[in-house]
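Chemist: Model the following, please.
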Amino acid sequence: MLFLGFASGIPLALTAGAMQAWLTMEGMDLTTIGFIGLVALPYTFKFLWAPLMDRFEPRLLGRRRGWIVLVQFVIAAGLFFLSKTSPTHSTQIFGAIALVVAFSSASLDVVIDAYRADLLPPNERGLGSSFTVLGYRVAIVISGGITFIWAQQLGSWPQVYMIMASVMVTTAVLSSFLLPKIHADFKPLNSDPKRELVGFFMLLLGVAVGFYSSEILLTALSIDSESTNNWERLFFVLTQVTCALGLGLWLARKSGFATLNSSLETFFNEKSAVIFLLLIVLYKIGDAFAMSLTTAFLMRGMGFEAIEVGIASKTIGLLATIVGAMLGGFIMMYVRLSSALFIFGVLQLVSNLGYYLLAESGKGAWGTVEIPAFNLVIAKLTDPTNMDLLLLSVMGTENLSGGMGTAALLALLMGLCNKKFSATHFALLSAIASIGRVFVGPFSGVMAEQMGWPGFFLSSLVIAVPGVWLVFVMRKKIDLVIYSSQK
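Modeler: This next block holds a predicted model:
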């Protein structure tokens, strides 16, 4: 899982921050750079083609492993061709190749999530998620940080991309030899391949038609997506998403997209399916609510400098998140998932009190502490720095508990996946889990302005209560489903 997390994280920055730096050094105008940034869209919509990765599988290496190796080779080829293509003289070709890399990278995320859910027994899912996150973070440091140093030393971004292509080739070769096989009982649905492909294209058609037709209708009704009214903007977005997915799923059902239809039926045949979906949305919503305005609170509300916030969040906070995820994973090897979810949920809730304490006590309430220089690869500090002790305590505690909660939530998502449809189930469930994080922004901004910072952070505790309460109410059902021999 550590290795696969690393392989999954390598391409991300190479189609985002690193690529933006390359294009900037080439002197490309900001408008073109912005449009090329749209290549990241596949990460948002990867659940749409996840059913195809459940239904079809490359032969030779078997279920999941075949896709993992194939996609890694495609990513390597894409990075190689990017290194041979001029972004200024062949902009369209460069953008198309970058899109292929991003699409393949998102697909690799899908199949690795499915592989992890298929391979790991219940008591190892939390720890497996923790190691995946650790590998992913290390890869992001390399592809989104160290590559900048290489580019300066080598004087050439194409050479950097050539190096990263060789890294992806190495991961593909190692994957083909080292990854354990999935049990032979887990096979794809026996359906008509042609109808599956037709159903997939009908799904895409429905999503596109639903999205744009709802935009036209809402605009005709004088509902503005750029309105200064946050509620109007939120309604606009929610209506577009609902219409797009609704029409897409309806056309997929009518056209016989068997894998998608069967995967949804399999999940919703569970008596508590809707409650589980609600639990997934609510479990980290209090945490997401508080975090949505943390930077604004620390800099505008408390007066901390950008460097102080950066050290607290990107070094101490990052380390605390990783330690929390690892600690949570180890704990889940010895306690049932329902207990871990409840304990970590309570810790997440209580940790938000730290921000309330910071808002009430003010900057410097606990004095300062000197942070010595360090370099741990995933985070570093070049010079000793005096930092606000209360700020570090709050950020460390929140990120530690948040990492533990994330490990538990990922274990829950894996446990809810049926192994015949684990790519589809995990992609959909993870998308649903992100709903709270995506849509709390408008609510949090309004509440912070109306209630002030102390009241805002107290309200985040109240918002977190339903998720923890649902875990307690559902504790027996969680363990029954997660540890069922049928999963």
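Chemist: After the helix or strand hosting I112, which helix or strand is next?
Modeler: Following DSSP states H and E, the helix or strand that holds I112 is helix 91-119. The element immediately downstream of helix 91-119 (helix or strand, assigned by DSSP H and E) is helix 125-141.
Chemist: now that we're looking at M332, how far away is G128 from it?
Modeler: Remark: distance between M332 and G128 (C-beta to C-beta, to the nearest Å) = 10 Å. C-beta: built from backbone N, CA, C; applies to glycine.
Chemist: go on, A408?
Modeler: Counting by C-beta to C-beta, the gap from A408 to G128 is 12 Å.
Chemist: Is G364 in a helix, a strand, or coil?
Modeler: Of the three states, G364 takes coil under DSSP: H, G, I helix; E, B strand; the rest coil.
Chemist: okay but it is in contact with D388, surely?
Modeler: Yes - with contact defined as C-beta atoms under 8 Å, G364 reaches D388; the gap is 6.2 Å.
Chemist: Of these two, which one has the most company?
Modeler: D388 (22 against 13; other C-beta atoms under 10 Å).
Chemist: Now do the contacts for that one.
Modeler: 304, 308, 363-364, 366, 368 (C-beta atoms under 8 Å, 6 or more residues apart in numbering).
Chemist: give me that answer again for 6 Å
Modeler: Contact partners of D388, counting by C-beta atoms under 6 Å, 6 or more residues apart in numbering, are T368.
Chemist: And for the one 10 residues further on?
Modeler: Contacts here follow C-beta under 6 Å, 6+ apart; on that basis E398 touches S351.
Chemist: now the angle from the host helix or strand of it to helix 91-119?
Modeler: According to DSSP H and E, E398 maps onto helix 389-416. Going by axes from the mean of the first three to the mean of the last three C-alpha atoms, to 10 degrees, helix 389-416 is angled at 70 degrees with respect to helix 91-119.
Chemist: buried stuff in helix 389-416?
Modeler: For helix 389-416, a neighbour-count test (16 or more other C-beta atoms under 10 Å) marks 390-416 as buried.
Chemist: Also stretch 358-373?
Modeler: Applying 16+ other C-beta under 10 Å to stretch 358-373 flags 358-359, 366, 371 as buried.
Chemist: What count of nearby residues applies to K284?
Modeler: 24.
Chemist: In contact with it, which residues?
Modeler: G405.
Chemist: where does S460 sit relative to L251, distance-wise?
Modeler: Computed as C-beta to C-beta, the S460 to L251 distance reads 40 Å.
Chemist: Neighbour count: those two, which is higher?
Modeler: Between S460 and L251, counted using other C-beta under 10 Å, S460 has the larger neighbour count: 27 against 20.
Chemist: average pLDDT across stretch 318-338?
Modeler: Stretch 318-338 shows a mean pLDDT of 90.
Chemist: can you pull out the strands in this protein?
Modeler: Using DSSP state E, the strands found in the chain span residues 368-371, 374-375, 380-381, 385-388.
Chemist: what's the single longest helix in this protein?
Modeler: helix 435-473 (DSSP state H).
Chemist: Relative to the whole chain's centre, how far out is that helix?
Modeler: Computed by C-alpha atoms, centre = their mean, to the nearest Å, the separation of helix 435-473 from the middle of its chain amounts to 20 Å.
Chemist: other SSEs contacting it?
Modeler: When contacts are defined as 3 or more C-beta pairs under 6 Å, 6 or more residues apart in numbering; DSSP states H and E, helix 435-473 packs onto helix 273-282, helix 285-291, helix 337-351, helix 353-361.
Chemist: hmm, try it at 7 Å
Modeler: helix 230-255, helix 273-282, helix 285-291, helix 337-351, helix 353-361 (3 or more C-beta pairs under 7 Å, 6 or more residues apart in numbering; DSSP states H and E).
Chemist: State the phi and psi torsions of the residue nearest to G303 when sequence neighbours are not counted.
Modeler: Leaving aside its chain neighbours, G303 sits nearest to K363 (5.9 Å; criterion: C-beta to C-beta, 6 or more residues apart in numbering). Reported as degrees, to the nearest 10, the phi and psi values for K363 are phi -60, psi 140.
Chemist: any idea how far K363 lies from A258?
Modeler: From K363 across to A258, the span is 59 Å (C-beta to C-beta).
Chemist: Could you list the buried residues of stretch 158-166?
Modeler: Quick answer for stretch 158-166 (16+ other C-beta under 10 Å): 158, 160-162, 164-165.
Chemist: try stretch 296-314
Modeler: 297-298, 301-302, 304, 308-309, 311-313.
Chemist: what's the spacing between that stretch and its chain's center?
Modeler: On C-alpha atoms, centre = their mean, the centre of stretch 296-314 falls 24 Å from the chain's centre.
Chemist: what does it contact?
Modeler: Here stretch 296-314 makes contact (C-beta atoms under 7 Å, 6 or more residues apart in numbering) with 295, 355, 358-359, 363, 371, 379, 381, 385, 387-388, 391-392, 395, 453.
Chemist: same thing but at 8 Å, please
Modeler: When contacts are defined by C-beta under 8 Å, 6+ apart, stretch 296-314 is touched by residues 294-295, 355, 358-359, 362-363, 371, 379, 381, 385, 387-388, 391-392, 395, 448, 453.
Chemist: Check whether T91 really touches T31, as I assumed.
Modeler: No - counting by C-beta under 8 Å, T91 does not reach T31; the two are 11.4 Å apart.
Chemist: ok, these two, which is more surrounded?
Modeler: A count of neighbours by other C-beta under 10 Å puts T91 above the other of T91 and T31, at 16 against 8.
Chemist: Now that one: closest residue in space that isn't a chain neighbour?
Modeler: Excluding the flanking residues, the one nearest T91 by C-beta to C-beta, 6+ apart is T32, at 6.5 Å.
Chemist: Tell me how far the one you found lies from I149.
Modeler: Using C-beta to C-beta, T32 is found at 26 Å from I149.
Chemist: ok, those two, which is more surrounded?
Modeler: Using other C-beta under 10 Å as the criterion, T32 and I149 rank with T32 on top: 14 against 10.
Chemist: what pLDDT does that one get?
Modeler: pLDDT for T32: 79.
Chemist: Do I have it right that it meets T88?
Modeler: No - with contacts counted by C-beta under 8 Å, T32 stays clear of T88, the gap being 9.1 Å.
Chemist: so V111 touches V69, yeah?
Modeler: No - look at V111 against V69 with C-beta under 8 Å: they stay out of range, at 9.9 Å.
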